[in-house]
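1. here's a sequence, model it:
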Amino acid sequence: MQSLYLYGYNDVYMISIEKAIALVKSNTKPLLKETVNLVEKSQGYILSKDVYAPINMPPFKQSAMDGYALCLHDDLNYRLAGEVKAGDDHKITLNPGEAVRIFTGAPVPDSANAVVMQEHVVIHGDMMKIKNQLPIGHNIRPLGEQVKQGDVALNKETKLTPAGIGYLTSLGIVEVTVYKTPLIALITTGNELIEAGQELSHGKIYESNSKMLCSALQHLNFDDVSIHKVEDDYDETKSKLQSAIKDNDLVIVTGGISVGDYDFVGKALIELKVETLFYKVKQKPGKPLFFGKKDDTLIFALPGNPAAALSCFYVYVYSALRTMMNESEVELPRIQAKSKSAFVKKGDRPQFLKAIFHQGQVDILEGQSSSMLQTFALSNALVFIPAEVTKIDINDRVETILLPI
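-> Numbering: from 1, shown residues only. Next comes the predicted model:
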């Protein structure tokens, strides 16, 4: 216990929320680049270099309508000379005054220079009359209208959305180069923890932190997550931390970071020579929060209480993850909302309060204990109460963090 105190594991060394967030940002960098399959594994990734169009899109003059492709002349009457469907590769040459039946997406003959909608014509045998003269290019998607061969299709730093994936796939692109997603290890500590489904004996509780955090990570499109459980044993804790730090880009520990007789995480991190960037933040919930690094691996040790762990995840770990992926916005959005609730803050620490935001208003919920997930399960926001604010009245404007749920 004395050695932990000497390393600053006491409240005297608490830092502010603002400084803690700044330290997370300044000590996190984008990961290396990797090539991934566009369809199977690119959703939500950030392009690490420009993507150039290998073809024109569309790759040929394309009909924008079901109708008739015309070789324009001065008359309103046209002779029908055939049909072109989507996918046809035969080429038809039209003379002035001739037309072909054509369908949306079909290649427009090189000799045609307008497409008339089928609703705007009258057919008599093999002759057709249009209502009005049409301008050149009417209802024709020109070659390379979206993008021309060799031009940048999507710039680097673009986040790949379903539309972006569809767009690049339409160009025949199979793989893209993106910023690598982190390998993440979740480590839970505690003799009292058992898996859901087992018989709950006296003194035991069902372990939920790893499932909760793994779900939060997967919701954010981070799927390379391994889960590990360790007993309250120093050697086991140190061994598991050592291997996790070696094999992962980010290690998240829950529990065991305080200074109780059976809290071994802090001592193990010190012996493993993990650089302590901060330990203990002046906030509620989540005061016993650790952030450090060893080589290129980041380590967060979150409080064991579930609501505190999840609050710290959204405020701090989320920012590190976004920075690793080279996102431009690395913090959750914060807005001003009108409070529907009154609240009296106890103590001098800033607080994150579970809340429900809707249409510019926010309702601070009952049950703000750091151990209670029931209230968090209803929340879609956190209300931030600064240190200098002692109470919130109904209709006060409050800073509201919108959660990604």
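2. alpha carbons only for contacts and neighbour counts from here, please
-> Noted.
3. can you list the weak-confidence ranges in the stretch 251-400 of the chain?
-> 258-262 (pLDDT under 70).
4. please redo it, this time with the cut-off set to 80
-> 256-263 (pLDDT under 80).
5. now name the helix or strand holding Leu321.
-> Element membership for Leu321, per DSSP states H and E: helix 318-324.
6. which helices and strands sit right next to the helix or strand following that helix?
-> Using DSSP H and E, the helix or strand that follows helix 318-324 in sequence is strand 334-339. If contacts are counted by 3 or more C-alpha pairs under 8 Å, 6 or more residues apart in numbering; DSSP states H and E, strand 334-339 sits against strand 361-364, strand 397-402.
7. now for these, which one comes closest to Lys282?
-> For Lys282, the closest of those is strand 397-402, at 17.7 Å, according to C-alpha to C-alpha.
8. can you list contacts of that closest one?
-> Residues outside strand 397-402 that contact it (C-alpha atoms under 8 Å, 6 or more residues apart in numbering) are 332-339, 357, 362, 380-385.
9. need the helices and strands packed on strand 334-339 in TSV (columns: mean neighbour count and distance to Lys61).
-> What follows is the helices and strands packed on strand 334-339, written out as TSV (neighbours: other C-alpha atoms under 10 Å; distance: least, C-alpha to C-alpha, whole Å):
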stretch	mean neighbour count	distance to Lys61
strand 361-364	22	51
strand 397-402	21	46
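10. turn those into a markdown table, including distance to Asp295.
-> Formatted as a markdown table, those follow (distance: least, C-alpha to C-alpha, whole Å):
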| stretch | distance to Asp295 |
| --- | --- |
| strand 361-364 | 41 |
| strand 397-402 | 32 |
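11. now the strands for the stretch 1-150 of the chain?
-> 33-37, 51-52, 62-63, 67-70, 77-84, 98-102, 114-117, 121-124, 127-130, 140-141 (DSSP state E, counting those that start in this stretch).
12. mind checking how far the longest one is from the chain centre?
-> Read it as strand 77-84. 51 Å (C-alpha atoms, centre = their mean, to the nearest Å).
13. now do the contacts for Arg322.
-> Arg322 touches 329-331, counting by C-alpha under 8 Å, 6+ apart.
14. what do you get if the cut-off is 7 Å, keeping everything else the same?
-> Going by C-alpha atoms under 7 Å, 6 or more residues apart in numbering, Arg322 touches Val330.
15. that older thread, right, and the helices and strands packed on strand 334-339 - which one's nearest His219?
-> If we rank these by C-alpha to C-alpha, the stretch that ends up nearest is strand 397-402, at 14.9 Å.
16. these two touch, right, Ser63 and Asn139?
-> Yes - using C-alpha atoms under 7 Å, Ser63 is in contact with Asn139, at 6.4 Å.
17. comparing the strands of the stretch 1-150 of the chain, which comes out most buried?
-> Ranked by mean neighbour count, those are led by strand 67-70 with a mean of 28 (mean count of other C-alpha atoms under 10 Å).
18. residues contacting that one, please?
-> Strand 67-70 has contacts (C-alpha under 7 Å, 6+ apart) with 98-103, 108, 112-118.
19. ok, the closest residue to Ser16 other than its chain neighbours - contacts?
-> The spatial neighbour of Ser16 that comes closest, neighbours along the chain excluded (C-alpha to C-alpha, 6 or more residues apart in numbering), is Lys282 at 5.4 Å. Under the criterion of C-alpha under 7 Å, 6+ apart, the neighbours of Lys282 are 14-17, 349-350.
20. correct me if wrong, but Lys267 is in a strand.
-> No - with DSSP: H, G, I helix; E, B strand; the rest coil as the criterion, Lys267 is assigned helix and is not in a strand.
21. roughly how far apart are it and Glu34?
-> 36 Å (C-alpha to C-alpha, to the nearest Å).
22. equivalent analysis for Val265, please.
-> Remark: distance between Val265 and Glu34 (C-alpha to C-alpha) = 33 Å.
23. again with Thr181
-> From Thr181 to Glu34 the distance is 9 Å (C-alpha to C-alpha).
24. and Arg349, by the same measure?
-> Distance from Arg349 to Glu34, counting by C-alpha to C-alpha: 42 Å.
25. could you do Gln336 as well?
-> For Gln336, the distance to Glu34 equals 39 Å [C-alpha to C-alpha].
26. check Asp396 too.
-> With the distance defined as C-alpha to C-alpha, Asp396 ends up 48 Å from Glu34.
27. can you check Lys346 too?
-> Using C-alpha to C-alpha, we find Lys346 at a distance of 49 Å from Glu34.
28. and the helices in this structure, which stretches?
-> 2-6, 17-26, 162-170, 209-219, 234-247, 265-271, 306-312, 318-324, 374-378 (DSSP state H).
29. how many neighbouring residues does Glu231 have?
-> Counted by other C-alpha atoms under 10 Å, the residues lying close to Glu231 total 17.
30. with the one 3 residues further on instead?
-> A count of nearby residues for Tyr234, using other C-alpha under 10 Å, gives 16.
31. quick one: it and Glu275, what's the gap?
-> Distance from Tyr234 to Glu275, counting by C-alpha to C-alpha: 19 Å.
32. residues in contact with Leu298?
-> Applying C-alpha under 7 Å, 6+ apart, we find Leu298 in contact with 249-251, 292.
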